[in-house]
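Trainee: Okay, here's the prediction I keep looking at, along with the sequence it came from:
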Amino acid sequence: MDGLLLDTEDLYTLCINLILEKYGRPKLPWSIKAKLQGRPGPQANKLLHDWAQLPITPEEYAKQYYELQAQHFPGTQPLPGIPTLLSDLARTRYWEVKNKEPKTDSDGKTTTPHRVHIALATSSHKANFILKTSHLSELFSVFESHRRVLGDDERITPGRGKPLPDIYLLALKTINDSLPEGEKPITPEECLVLEDSVPGVEAGRRAGMRVIWAPHPMLKNEYAGREAEVLAGRTYEAGEVDTHQLGEIDDGWAEYRAALVDFPYEKFGIVVPPVEVEKEACMVETGELADGEEVQAVGTTA
C-alpha cells in the first residue's frame, strides 16, 4: 500500500529523519530504508533502531515515530494512476454479474471476459491503515473487508511478514474462500502481485505469484544493476532460503514499471468494461462495504 497506492514513502522518511536529527544522528540513507520497506512495523522499527543506535529505547522511538505519523499522514494522496486502476479493476465485477454462466474451452479455461478478484496484503497495522486512508474511504471502498490482510492480522504468525510469502498466500485464501459457488479456486500462478518494496517482491515470488515492481525512484537507483535479482526475488531479504521458492533470473514472471499509469491490462488477460456499465441495474450494490477496504494486490490473471 505505502509507496504503491499511497504517496507516503517520503513522509515516512521525513518522520524518521526528524527523530534522527533530534538525537544528532545522520539522515536515513536509502540503503537502510530499502530494508525497512514492506516489513511489519515492529520489524522495521527494530532494524532502524539497531542501525541508528539512538540513545532511547525502542519503545520510546516507536512512540515518537507514531506521534509524527499522526501529524503528517492525514491528507495522504494516492499515487498517479491509482484511482483509475482501482476503479477499472472494481468494474470487472460486471463480467461476473452479467455472465452468470461464463463459457469455457476444452481445457476448462474461461473464454469470456471475467472478474478480476482483488485483495489487500499490506504490512500496515490496522490503526496505521485507518490513519492513512480514513479520508480516502471512497477510493478504498472498492475492496471487500474480508479480502483485506493487514500487518497485525491474527491469522499470520508473528514474525512471518514480508519477505516471507505468508501474507500473499493468506490474501489468496481470502479470495478463494469467498468465490461464488461453483467457481474454480484461483492458484498462485494465476495471481499478480503489485509491489514497490524489495522484500515485497521476494514475498510475492516465494508465494509462486507473478509480480510487478513499481518502486520509488530512489529505491530503483539503490538497486541499479541488480534489477534482475530483485525481480527474481533473489535479494535474500529473509536470509538464505530454499531456492525452489524463488524465481529464476529473467524468467519473465516479474517485471518493472516506473508507475501504475496506463496499466497493461491486456498483457495479463484483463478485460475492463466501459465506464457506462456502472449505470446498469446489475451493477448496483445491494450491501454495504466496510470503511477502509483496499487492494495491493492479488488478482487473477487467467
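Mentor: Right, received. Where do you want to start? Numbers count the residues shown, from 1 in each chain.

Trainee: which helices and strands does the one helix or strand Cys15 maps to pack with?
Mentor: Here Cys15, judged by DSSP states H and E, is contained in helix 9-22. In terms of contacts (3 or more CB pairs under 8 Å, 6 or more residues apart in numbering; DSSP states H and E), helix 9-22 is packed against helix 30-36, helix 58-72. The way it works is simple: take the backbone N, C-alpha and C, and place the C-beta from them, glycine included.

Trainee: Tell me which of those helices is the most buried.
Mentor: helix 30-36 (a mean of 17; mean count of other CB atoms under 10 Å).

Trainee: which stretches of this protein form strands?
Mentor: Secondary structure of the chain (DSSP state E): strands at 118-121, 148-149, 191-195, 210-213, 254-256, 298-300.

Trainee: can you list these in a markdown table and add mean pLDDT?
Mentor: Below are the strands of the chain laid out as a markdown table (pLDDT from 0 to 100):
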| stretch | mean pLDDT |
| --- | --- |
| strand 118-121 | 92 |
| strand 148-149 | 92 |
| strand 191-195 | 97 |
| strand 210-213 | 97 |
| strand 254-256 | 97 |
| strand 298-300 | 41 |
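
Trainee: Give me whichever of these is most buried.
Mentor: Per stretch, and counting mean count of other CB under 10 Å, the top mean among the strands of the chain goes to strand 118-121, which has a mean of 28.

Trainee: what ranges do the helices span in the stretch 201-302 of the chain?
Mentor: Using DSSP state H, counting those that start in this stretch, the helices of the stretch 201-302 of the chain run over 217-222, 227-232.

Trainee: wait, which of the ones you listed is closest to Asn17?
Mentor: When the helices of the stretch 201-302 of the chain are compared by CB to CB, helix 217-222 sits nearest Asn17, at 13.6 Å.

Trainee: List of residues touching the closest one?
Mentor: Trp30, Ser31, Lys33, Ala34, Gln37, Asp196, Ser197, Val198, Glu227, Tyr256, Ala258 (CB atoms under 8 Å, 6 or more residues apart in numbering).

Trainee: same thing but 6 Å
Mentor: Contacts with helix 217-222, where a contact means CB atoms under 6 Å, 6 or more residues apart in numbering, come from Trp30, Ala34.

Trainee: residues contacting the closest residue to Val193 other than its chain neighbours?
Mentor: Distances taken as CB to CB, 6 or more residues apart in numbering put Gly204 closest to Val193, at 3.5 Å, once the chain neighbours are dropped. Applying CB under 6 Å, 6+ apart, we find Gly204 in contact with Tyr168, Val193, Glu195, Val211.

Trainee: And Lys162, by the same measure?
Mentor: With CB under 6 Å, 6+ apart, Lys162 has these contacts: Gly38, Arg39, Ser123, Pro199, Gly200, Ala203.

Trainee: isn't the last one right up against Leu169?
Mentor: No - taking CB atoms under 6 Å as the definition, Ala203 is not a contact partner of Leu169, at 9.3 Å.

Trainee: so Ile32 sits right up against Trp51, yeah?
Mentor: Yes - Ile32 sits in contact with Trp51 when judged by CB under 6 Å, with a separation of 5.3 Å.

Trainee: can I get the helices and strands packed on helix 9-22 in a markdown table with distance to Leu131 and mean pLDDT?
Mentor: Listed next are these as a markdown table, based on distance: least, CB to CB, whole Å; pLDDT from 0 to 100:
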| stretch | distance to Leu131 | mean pLDDT |
| --- | --- | --- |
| helix 30-36 | 18 | 91 |
| helix 58-72 | 6 | 93 |
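
Trainee: okay, these in a markdown table with distance to Asp250 next?
Mentor: Listed next are the helices and strands packed on helix 9-22 as a markdown table, based on distance: least, CB to CB, whole Å:
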| stretch | distance to Asp250 |
| --- | --- |
| helix 30-36 | 22 |
| helix 58-72 | 38 |
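
Trainee: closest one to Gly269 among these?
Mentor: When these are compared (using CB to CB), the closest one is helix 30-36, at 31.8 Å.

Trainee: So which residues make contact with the closest one?
Mentor: For helix 30-36, the external contacting residues (CB under 6 Å, 6+ apart) are Ala44, Leu47, Trp51, Val198, Met218, Leu219, Glu222.

Trainee: Write the ChimeraX selection for whichever of those are buried.
Mentor: Applying 16 or more other CB atoms under 10 Å to the contacts of helix 30-36, the buried members can be selected in ChimeraX as follows:
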select :44,198,219,222
